[in-house]
Each structure stands twice: as C-alpha cells, then as structure tokens.
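Participant: Output the structure for:
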Amino acid sequence: MSIKKLTAIEALEEAQRIAFAPFVFQATISLRKLGVFDLIFSKRKKGGITTDEISKELNISTYGIGVLLEIAESSNIVTKNAENKYELTNVGYFLSSHETVNVNINFTNEVCYKGLYHLDESIKEGKPAGLTELGNWSTIYEGLSQLPDEIKKSWFEFDHHYSDGVFNEALEIVFRKQPKTIFDIGGNTGKFALSACKFDKNVNIKIIDLPGQLHVALENTKKAGFSNRVSGYEIDWLSKNELKIPQGADLIWMSQFLDCFSEEEILKIITTAAKSMSDDAELLIMETFTDRQKFSNAKFILEATSLYFTVLANGNSKMYPAEVFIKLIGKAGLTIKEDIPVGEYHTILVCKRNNI
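Facilitator: I've put the predicted structure just below:
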C-alpha cells in the first residue's frame, strides 16, 4: 500500500491531530449522546442551525455546545456557513448515521477506551493489562457473561456485525455436502447454531465453548425451539491439560474464533480438532485476514482490533494474515482443499486430514 508523502507542515499537522485524537473522539461521543448530531441533521433542509438554537432545543449551555462544535469544526465533522449555522460534513454524517462506524465507536468507547491506557503495560507483560478496567479475569472471554449490559451489548454488536452479514453465503458452503452433525467451536451466543438449524431441518449442532458462553448459547437455542438438535460440550482451550473433543462430526466450524488466540494456541486447537476428525470430515475456518482486504480502511480496522486483543482480550492474539493460518493448518496435519472468499472481508479455508 503506497503512502502519500507529506510536506513538513502537513506531517506536523497530522502529528498534532494524533496527539489530541482522544479529545476529538470524546467530543464526538458527547455530540452523539447529547443529541447534537441528530438535531443538526434534522435541520439540514433549513440551512443548518445556530449554537443558540441548539442550546435552546437541547437545554444545554451555549458554552457546552460551543466547545464541542468548535473542535468538531476544526476536525471536519461539522461546518459553519455565513449565517453561523452548523451543518454536518460527510464525515459528521458517517459518524452520526453509518452502521459500521456506529458499531466501531460504541465498541471503542464502551469496551476499549479505558483499557487502552494500559497498552504499553500489556505489550511488556504479554497480558491484557487493560482488562482490570472491566473485571478481574485472566481473559475477557471468562467475563463476557458478567459484563455490564451496555458494555456487553457493544461487545456482541461488534462481534456479530463482522460475521452476520456473511452467514447466508457461508451456510451455502457449509451445507454443500449436507452434513448431519456439525461441531461449532467457539459458538458464542449460538447465532451460527440457530442459523444452521433454520437452514437445514435435519442437522444437529454441538456447540463447544467455555461454560459461561455455552450456557448463554444453549439458552438461546432452547428458546428458539432447537434444544432437541443443539447440545453442548464445555472446554477451556487455555487449559494446560491435554485437550480432547468428541468425535463424530461431519463438519467442524470455526468462525472468527482462532484470532482470539496466539499462534501456539491456534496450533493446539486445530490439532485437537484434527485428531477428532474422521477421514470424511471437514474443518471450515472463516476469518477476516489482514492480507485479504480489498480496501485499506478494512485493513486499518482489523489492525486496530489487534490492539483490543493485546490490551483487553488475552494479551497475545491478533488479526492474522492468511499465511500464518496456512502454515499452522499444515503443522496440525491438515490440508487446505479449498480457499474461498466470502463477502467483502472474509475467507473460508476448507481443511481435511492429510491422508485424504
């Protein structure tokens, strides 16, 4: 990816923007929460709205509105016309109304912001030092079911946003050979299990996950009327003991799961799955690889997400390039039979045992 060469003045300006980036971010959060963005947008056909008018409509001091809009104007989020009326720029519109931006902002603010202060500590220690801002756990996955509702909501919306959109396309690939038994490793809230049960009335799903997540997933599938076709198996992939999972799967599914682990841990998980597989079984791994993105913006989001893994999730995982997974899959005794792009961001790697 080519990078535009900046003049000294442009580079200094960019450096200053980075220095004060948290101020701009929190001003944006305030403008959203206080309803300023929505109010300005509602006045777009009337040529915008003044600071005084915003103050009166929202019952907030002109001082408060003023300091927020001044930094927003300098950051190209709003613009002020000759009549001193504010309007949203395209940047402001996306910050206010774009679904993906909204998910990312909430995830950053609710889940990550305080924890990111501990990033250097996490890098030095190889542990998620920022997790203390949320709870007393070794990894965030242990505490997901215990997070405050607003934080939990933002975490799951972020997680699901980058997978739900490709589920339908992915299910077509999953059910090409009409598997009767699927193991869903890292089943989270049970969304894949629910989608699979709706897609094929004959399939049985076994969700393999930590006890807390597994309980939530099984409750969700039970409420949907699939308790007769969805079962669970508890496992802690970070256990020091030798791990095993049941045999009997026609297909093992791992969706955006392995990026939650270090390379050593990924190898352990894939190897454990491989040992359970019959000669006819397939392992399907769906991920958003950093080196498979068409747009630099998508790559940037993935690389930012890696810092979440560093400081909050577990301290040693990240969003990986495909070449890392390809290497680890081979080490685990599997062969990649198909490499399938899915949607705009995802890849599915179809793996089988080496003797096939």
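Participant: what sits against Asp259?
Facilitator: With contacts defined as CB atoms under 8 Å, 6 or more residues apart in numbering, Asp259 is in contact with 287-288, 309, 317-320. Where you see a C-beta, it was placed from the backbone N, CA and C, and this is true even at glycine.
Participant: Closest to Tyr117 out of these?
Facilitator: Nearest to Tyr117 among the contacts of Asp259 is Phe309, at 16.3 Å by CB to CB.
Participant: Quick check: that closest one vs Ile29, distance?
Facilitator: Separation of Phe309 from Ile29 (CB to CB, to the nearest Å): 23 Å.
Participant: And these two? Which one has more around it.
Facilitator: Phe309 (22 against 17; other CB atoms under 10 Å).
Participant: Can you check the pLDDT for the more buried one?
Facilitator: pLDDT, Phe309: 96.
Participant: Ser2 too?
Facilitator: If you check Ser2, the pLDDT there is 58.
Participant: so where's the protein uncertain?
Facilitator: 1-3, 355-356 (pLDDT under 70).
Participant: Can you give me the domain boundaries for it?
Facilitator: For the chain, the structural domains run 8-97, 157-353, going by automatic domain parsing.
Participant: deepest of these, which one?
Facilitator: Most buried of the domains of the chain, by mean neighbour count (mean count of other CB atoms under 10 Å): domain 157-353, with a mean of 18.
Participant: Run the chain-centre distance for that domain.
Facilitator: 14 Å (CA atoms, centre = their mean, to the nearest Å).
Participant: how long is it end to end?
Facilitator: End-to-end distance for domain 157-353, by CA to CA, to the nearest Å: 35 Å.
Participant: Same question for stretch 275-286.
Facilitator: With CA to CA, one end of stretch 275-286 sits 20 Å from the other.
Participant: contact partners of that stretch?
Facilitator: In this structure, residues lying in contact with stretch 275-286 by CB under 8 Å, 6+ apart are 163, 166, 170, 173-174, 177, 179, 183, 244-256, 258, 270, 273-274, 325, 329, 334, 337, 342, 346-353, 355-356.
Participant: got it, and stretch 162-174?
Facilitator: 182, 191-192, 195-196, 199, 251, 253, 255-256, 284, 286, 288, 340, 342-343, 345-346, 348, 350.
Participant: helices or strands up against the strand or helix carrying Glu57?
Facilitator: Assigned by DSSP states H and E, Glu57 belongs to helix 51-58. With contacts taken as 3 or more CB pairs under 8 Å, 6 or more residues apart in numbering; DSSP states H and E, helix 51-58 sits against helix 36-42, helix 62-74.
Participant: Try it again at 6 Å.
Facilitator: helix 62-74 (3 or more CB pairs under 6 Å, 6 or more residues apart in numbering; DSSP states H and E).
Participant: Tabulate the CA atom coordinates of the helix it packs on in CSV.
Facilitator: Coordinates of each C-alpha in helix 62-74 appear next as CSV, following Å, rounded to 0.1, in the frame of the first residue of the first chain:
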residue,chain,number,x,y,z
THR,A,62,-24.2,27.7,24.7
TYR,A,63,-20.7,27.3,26.3
GLY,A,64,-21.0,23.5,26.3
ILE,A,65,-22.4,23.3,22.8
GLY,A,66,-19.8,25.8,21.6
VAL,A,67,-16.7,24.0,22.8
LEU,A,68,-17.9,20.8,21.2
LEU,A,69,-18.8,22.3,17.9
GLU,A,70,-15.5,24.3,17.7
ILE,A,71,-13.4,21.2,17.9
ALA,A,72,-15.8,19.4,15.6
GLU,A,73,-15.4,22.1,13.0
SER,A,74,-11.6,22.0,13.2
